[in-house]
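Student: Got a sequence here, can you build the structure:
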Amino acid sequence: MTYDVIVIGGGHAGAEAARICARGGLRVAMVTMLREAIGRMSCNPAIGGLAKGNLVKEIDALGGLMGEATDRAGIQFKVLNRSKGPAVQGPRAQCDRDLYASAVQSLLAAEPNLTVVESSVKALLYGCRTVTGVRLTEGTDLFARAVIVTTGTFLRALMHSGEVKTPGGRFGEPSAETLSDSLRALGLHLGRLKTGTPPRIARETVDYSLMEEAPGDESPRPFSILTDRIELPQILCHLTYTSAPAHDLIRANLHRAPMYSGQIAATGPRYCPSIEDKVVRFADKERHPIFVEPEGLEHPWLYLNGISTSLPPDVQDGVVRSLPGFANATIARYGYAVEYDFVNPQQLEPSLKVRDVEGLFLAGQINGTSGYEEAAAQGLLAGMNALQFVKGQEPVVLRREQAYAGVMIDDLVTLGTEEPYRMFTSRAEHRLLLGCDSVYERLTPVAEGLGVLDPERRRRAEGRVSRMRRASDLAVRTTLTPDRETREWCVLAGLDLNAQTSVARLLQRPDFDLDTFVTAAAGPLPDLAAAFVAMDEEEREGVASRLRYAGYIDRQQREAARAATDDDARIPADMTFALPGLSREVVEKLTAIRPASLGQAGRIPGMTPAAVGVLRMHLRRARKNGEVRISKEEVRSSSSF
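Tutor: Predicted coordinates for the structure are as follows:
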């Protein structure tokens, strides 16, 4: 069989890649070991969080499915860090894991150009550094112009539970044993990473009265612009803590923990460590929080967020039963670790295409990331670029000031990673520009330009941007003068108006309450009040935050514009970096990473301003006269850059 694109894997990256290619009019085959496992939440039944929630909103703005599926399956919604500024807030949703997988499968089934092939890929087919398809384990060959590998934790995967080792990338599912060989044959360097999951508890065996309540937001805020309201019942989560008995038990059994016995040599996630890692690395901590989260409305299990472990079952029993509320708990499934192959992402172009291999794209945990959201964002961008590749069009590369997805991919392909990469707001130098409030304004035109945006999403995005822009413009243009009448109604809004000012400036005052002000302004300022009333809560908060932080946002926009100049300076793919004035170390780094732009080159560790100046001068001269050599005098003068 021949397709335009073959997607290997049916996880979060594979689902996004397959659907966006199908929506672009391509014939797509998704090869997955188990049809019923498509969209399965391997670990935590939750979507979003700090920076991760921004990724989900970006996926939605670009026409992806993760936000839609989350809204169909979400059973507790919460905006994290509400007490802090908008740049570090993050929407999160606890999901019913069965409903989430069902939602993903339903969304994919609605795509007529997408075919699901239930099988495993034995090898890639290629010739002359061009991938032409895949060979399935049963010997069938499928051909395509592009192949996207989204294998998650399944490449030569090995599960660890105490001293027991079992091949497999997820409980009850096999490992992909031979695909790594094809990747190595193409010259790719592979490494090993590790992830883990906590024990699942039978929910009827715990005592909630001994735990703290952890409620969600009173008004659930959807992830997708296509969702008008959350329909599912909302549930209560709980919080408990480890204590000295659990820590003592873990320390006494570290010799049986695969990470400490030498059984696992791979690197685990720094920011989501196992409970044994926490006890060792944070020995001064008397307790660690454990979030107790239902796996679904009717699901019989609880997920213990914060106690990922690969300790032997008998130790897990003791640790779990030491938790408040868990004295009589029954473990329905023990926690385990997974060790798997990944590809050094510095071998990729910013489009997520493998450098020097035509038609091959990688996305998700194979690139060294952790988390559903990071995988889905990569899958969506890899799918978009496979679409562009097949159509012979320019790749889509999101800039660092344009999207968290742009920050993540630039970090991966420029810096690489030696541990599972997780997205944080602190990784983005222009994070004030990357809030959820502006995501549709920034990214929906990208999807529209590719022809993959559905009409309803376009209509809603345009309406949202228009409403927010009108309210913002009116707030900037509306000036209040402290005459008697104005001061009287401002008092009703809780404001003491002493000087002429704009509504936009009022928003920067700590005593300003937007809802109270809009109510009081309904008579004297009907157009302004109507503009704010026309928006939903999320839109109003977005306008308020943009106006409140306008000075800082303007400064970051200027900084981003300066950085964009270098990012727009493209470096030819066949450029030689053996230039006068560049040290051997710099030449080696540039040759290994082969940056696509001057901006990316400048972000390579060890690059100096002088070295960037040499590249800038070479590109400038090359654009004017074709490729030329740089004189030593020009090299010396470039050190002032």
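Student: And for the residue most central in space within the chain, nearest residue in space, chain neighbours not counted?
Tutor: Among the residues of the chain, the smallest C-alpha distance to the mean C-alpha position (CA atoms, centre = their mean) belongs to Glu374, namely 2.9 Å. Leaving aside its sequence neighbours, Glu374 sits nearest to Met423 (CB to CB, 6 or more residues apart in numbering; 5.5 Å). The C-beta positions use only the backbone N, C-alpha and C, and glycine is treated the same way.
Student: what about that neighbour, how many neighbours?
Tutor: Met423: 26 surrounding residues under other CB atoms under 10 Å.
Student: Please point out which parts of stretch 467-482 sit buried.
Tutor: Buried residues in stretch 467-482, defined by neighbour count with 16 or more other CB atoms under 10 Å: Arg467, Met468, Arg470, Ala471, Ser472, Leu474, Ala475, Thr478, Leu480.
Student: can you list contacts of that stretch?
Tutor: Among residues not part of stretch 467-482, those counted as contacts by CB atoms under 8 Å, 6 or more residues apart in numbering are 437, 441, 486, 490, 497-504, 506-507, 525, 527-528, 531-532, 534-535, 539-540, 542-543, 546-547.
Student: Kindly supply the ChimeraX command isolating those of those residues that are buried.
Tutor: Buried members of those, defined by 16+ other CB under 10 Å, are picked up in ChimeraX with:
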select :437,441,486,490,497,501,503,504,506,507,525,528,531,532,535,539,540,542,543,546,547
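Student: Sitting in strands, which of the contacts of stretch 467-482 do you find?
Tutor: Using DSSP state E, Thr501, Ser502 are the members of these that sit in strands.
Student: returning to what we had before: isn't the residue nearest to Glu374 right up against Gly371?
Tutor: Yes. With contact defined as CB atoms under 8 Å, Met423 reaches Gly371; the gap is 7.1 Å.
Student: On the three-state scheme, the residue nearest to Gln94 when sequence neighbours are not counted is what?
Tutor: Using CB to CB, 6+ apart and skipping the chain neighbours, the partner closest in space to Gln94 is Gln76 (3.9 Å). The three-state assignment at Gln76 reads strand, by DSSP: H, G, I helix; E, B strand; the rest coil.
Student: which residues does Gln76 contact?
Tutor: With CB under 8 Å, 6+ apart, Gln76 has these contacts: Ala93, Gln94, Pro215, Gly216, Pro220, Gln234, Ile235, Leu236, Cys237.
Student: Closest to His430 out of the residues you listed?
Tutor: When these are ranked by distance to His430 (CB to CB), Ala93 comes first, at 26.1 Å.
Student: longest helix anywhere in the chain?
Tutor: With DSSP state H applied, the helix covering the greatest number of residues in the chain is identified as helix 455-477.
Student: In this protein, which residue sits furthest out from the middle?
Tutor: Counting by CA atoms, centre = their mean, the extreme residue of the chain relative to its mean C-alpha position is Arg484, 52.2 Å from that point.
Student: and Asp511, how many neighbours does it have?
Tutor: By the other CB under 10 Å criterion, the neighbourhood of Asp511 contains 9 residues.
Student: That one touches Gly494, doesn't it?
Tutor: Yes. Assessed by CB under 8 Å, Asp511 is found in contact with Gly494 at 6.4 Å.
Student: Check the contact lists of those two and give me the overlap.
Tutor: Here Asp511 and Gly494 have no joint contacts, going by CB under 8 Å, 6+ apart.
Student: Am I right that Trp423 sits in a helix?
Tutor: I think there's a mix-up here, since residue 423 is Met and not Trp. No. Under three-state DSSP, Met423 sits outside any helix and is assigned coil.
Student: show me the contacts for Met1.
Tutor: Taking CB under 8 Å, 6+ apart as the criterion, Met1 is in contact with Ala29, Thr140, Leu142, Phe143.
Student: distance of the second one from Val134?
Tutor: Think Thr140. Thr140 sits 9 Å away from Val134, going by CB to CB, to the nearest Å.
Student: ok, these two, which is more surrounded?
Tutor: When Thr140 and Val134 are compared on other CB under 10 Å, the one with more neighbours turns out to be Val134, at 27 against 12.
Student: thinking Arg256 is in contact with Pro312, fair?
Tutor: Yes. Under the contact definition of CB under 8 Å, Arg256 touches Pro312, with a separation of 5.3 Å.
Student: shared neighbours, these two?
Tutor: Between them, Arg256 and Pro312 share these contacting residues under CB under 8 Å, 6+ apart: Gly162, Glu163.
Student: now Thr132, what's its secondary structure?
Tutor: Applying three-state DSSP: Thr132 is strand.
Student: I'd assumed Phe143 was in contact with it.
Tutor: Yes. The pair Thr132 and Phe143 qualifies as a contact (CB under 8 Å) at a distance of 5.8 Å.
Student: Sketch out the low-pLDDT regions of the stretch 451-600 of the chain for me.
Tutor: Along the stretch 451-600 of the chain, the model assigns pLDDT under 70 to no residue.
Student: Quick check: chain neighbours aside, which residue is closest to Pro45?
Tutor: Taking CB to CB, 6+ apart, and ignoring the residues beside it in sequence, Pro45 has Arg97 as its nearest neighbour in space, at 4.1 Å.
Student: From Arg184, how far out is that neighbour?
Tutor: With distances taken as CB to CB, Arg97 is found 34 Å from Arg184.
Student: Which of the two has more residues huddled nearby?
Tutor: Each of Arg97 and Arg184 has its neighbours counted (other CB under 10 Å); Arg97 has more, 23 against 13.
Student: does that one really touch Met41, like I thought?
Tutor: Yes. Contact between Arg97 and Met41 holds when scored by CB under 8 Å: they sit 4.6 Å apart.
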